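Student: missing the sequence, but the structure's below:
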């Protein structure tokens, strides 16, 4: 399970009744991207954020967040101790983001909607009802082939992807919510030989594959590789800007307002351009270390925008992979798990 995920019991108690205060607490509770349930490690997971905006003069600190089903059942309560790791505050505490993850055992129904009650001192503020199936859950092919791929920086609280709320175009968004950095290791190291040689890294040059049939909407192929980071430090090959953070990239329109995004590809390896139609399993490029990448890896995510940062990350599942010798079908890979994908057999 992602770090910071709460198991929801099958029998949830009714919510404690509380009397509203007057004047009502002036706290806006907003969920920019309502969640969609997706399977991982035998559970159905809801992963999302609450954005809290304080419009009052002397609102008390947040002491807990109750998560309540649309049937009025208390699913879980995130207390003050947990909030230390699950809430980030901005602007002297006037704005905060609470990172929420709920895990339901298979067979336990995921509520159709949720409500949130934020407790502050002796008062509380109730948020609006949000749905739990906000987007179509796509079943995708693997973005890589072969064995030994580590699913790093998945949606746990210790991942910069999960907590990467970023303001673009005047909106706080998180396009990287479900992103994975696919890497390879041997004996705990991502390379064999000179760590400053990109080609000595185990992931470098691996074939990158189309995860579904679709249309390429954007691609880049001319960004140079970086020299990998070592204990001596790291300097990108070119200064970073909003336009080149992804390095060499490919974006594929999957339909239903969803886009598969590949970043940090090897220069000169990108085989497609905007307007090309691709087929699932087709080789698109090779793993590189371009853009804001410190070691060779494939950054892969699905979002509701063709822009790498100006959008909301969406969940998906992979049709098949092996984990600990067992076949997994139609699941999202666990954070940090080392998985095996099928060898690529589809023609280019």
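Tutor: On my side now, so go ahead. Values in this document were obtained by computation on a predicted structure and should not be read as measured data.

Student: which residues touch stretch 330-342?
Tutor: 1-3, 38-41, 45, 139, 142, 144-156, 159, 178, 180, 185, 315-323, 328 (CB atoms under 8 Å, 6 or more residues apart in numbering). For glycine as for every other residue, the C-beta is placed from the backbone atoms N, C-alpha and C.

Student: And the strands in the stretch 51-200 of the chain, which stretches?
Tutor: All strands of the stretch 51-200 of the chain, identified by DSSP state E, counting those that start in this stretch, fall at 62-69, 74-78, 87-90, 95-105, 113-120, 123-126, 130-131, 138-140, 149-152, 166-168, 171-173, 180-183.

Student: doesn't residue 49 make contact with residue 97?
Tutor: Yes. Residue 97 is within contact range of residue 49, at 5.3 Å (criterion: CB atoms under 8 Å).

Student: about what we covered before: tell me which of the strands of the stretch 51-200 of the chain lies nearest to residue 344.
Tutor: strand 149-152 (13.0 Å; CB to CB).

Student: State the mean pLDDT of the closest one.
Tutor: Computed over strand 149-152, the mean pLDDT rounds to 97.

Student: Which neighbours in the sheet does it have, and how are they oriented?
Tutor: Using DSSP bridges, strand 149-152 pairs in its sheet with strand 180-183 (antiparallel), strand 338-340 (antiparallel).

Student: Could you report the pLDDT at residue 120?
Tutor: Reported pLDDT for residue 120: 91.

Student: Which strand residues bridge it?
Tutor: Beta-bridge partners of residue 120, as defined by DSSP bridges: residue 62, residue 123.

Student: Would you check how far apart it and residue 284 are?
Tutor: 49 Å (CB to CB, to the nearest Å).

Student: So which of those two has more stuff around it?
Tutor: A direct count of neighbours by other CB atoms under 10 Å for residue 120 and residue 284 places residue 284 higher, at 24 against 19.

Student: now the stretch 1-150 of the chain, which segments are flagged as low pLDDT?
Tutor: 12-17, 58, 92-93 (pLDDT under 70).

Student: Residue 131 pairs with what?
Tutor: Bridge pairing for residue 131 - DSSP bridges - gives residue 113.

Student: in terms of contact, does residue 275 touch residue 215 like I think?
Tutor: Yes. Using CB under 8 Å, residue 275 is in contact with residue 215, at 7.1 Å.

Student: The two - which one has more neighbours?
Tutor: Neighbour totals were compared for residue 275 and residue 215, and residue 215 leads with 15 against 10 (other CB under 10 Å).

Student: OK, contacts around that one?
Tutor: 252, 253, 275, 276, 277, 278.

Student: Quick check: the first one is in a strand.
Tutor: Right, the one you point to is residue 252. Yes. According to DSSP: H, G, I helix; E, B strand; the rest coil, residue 252 belongs to a strand.

Student: Now do residue 71: how many residues are near it, please.
Tutor: Look at residue 71: counted by other CB under 10 Å, it has 12 neighbours.

Student: got it, and residue 88?
Tutor: 13.

Student: about what we covered before: of the contacts of stretch 330-342, just the buried ones, PyMOL syntax please.
Tutor: Buried residues within the contacts of stretch 330-342, by 16 or more other CB atoms under 10 Å, are selected in PyMOL with:
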select buried, resi 1+2+3+38+39+40+41+45+142+144+145+149+150+151+152+153+154+155+156+159+178+180+185+315+316+317+318+319+321+323+328
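
Student: how far away is residue 221 from residue 314?
Tutor: Counting by CB to CB, the gap from residue 221 to residue 314 is 26 Å.

Student: Turn the strands of the stretch 51-200 of the chain into CSV, including distance to residue 338.
Tutor: Formatted as CSV, the strands of the stretch 51-200 of the chain follow (distance: least, CB to CB, whole Å):
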stretch, distance to residue 338
strand 62-69, 32
strand 74-78, 30
strand 87-90, 30
strand 95-105, 21
strand 113-120, 33
strand 123-126, 43
strand 130-131, 34
strand 138-140, 19
strand 149-152, 5
strand 166-168, 29
strand 171-173, 31
strand 180-183, 10
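
Student: and residue 252, bridged to which residues?
Tutor: Taking DSSP bridges, one finds residue 216, residue 260 as the beta-bridge partners of residue 252.

Student: Check whether it really touches residue 259, as I assumed.
Tutor: Yes. Residue 252 is within contact range of residue 259, at 6.6 Å (criterion: CB under 8 Å).

Student: any common contacting residues for the two?
Tutor: With CB under 8 Å, 6+ apart, residue 252 and residue 259 have common neighbours residue 217.

Student: So which of these two has more stuff around it?
Tutor: Remark: of residue 252 and residue 259, residue 252 carries more neighbours, 27 against 23, as counted by other CB under 10 Å.

Student: List the contacts of the more buried one.
Tutor: 210, 211, 212, 214, 215, 216, 217, 259, 260, 278.
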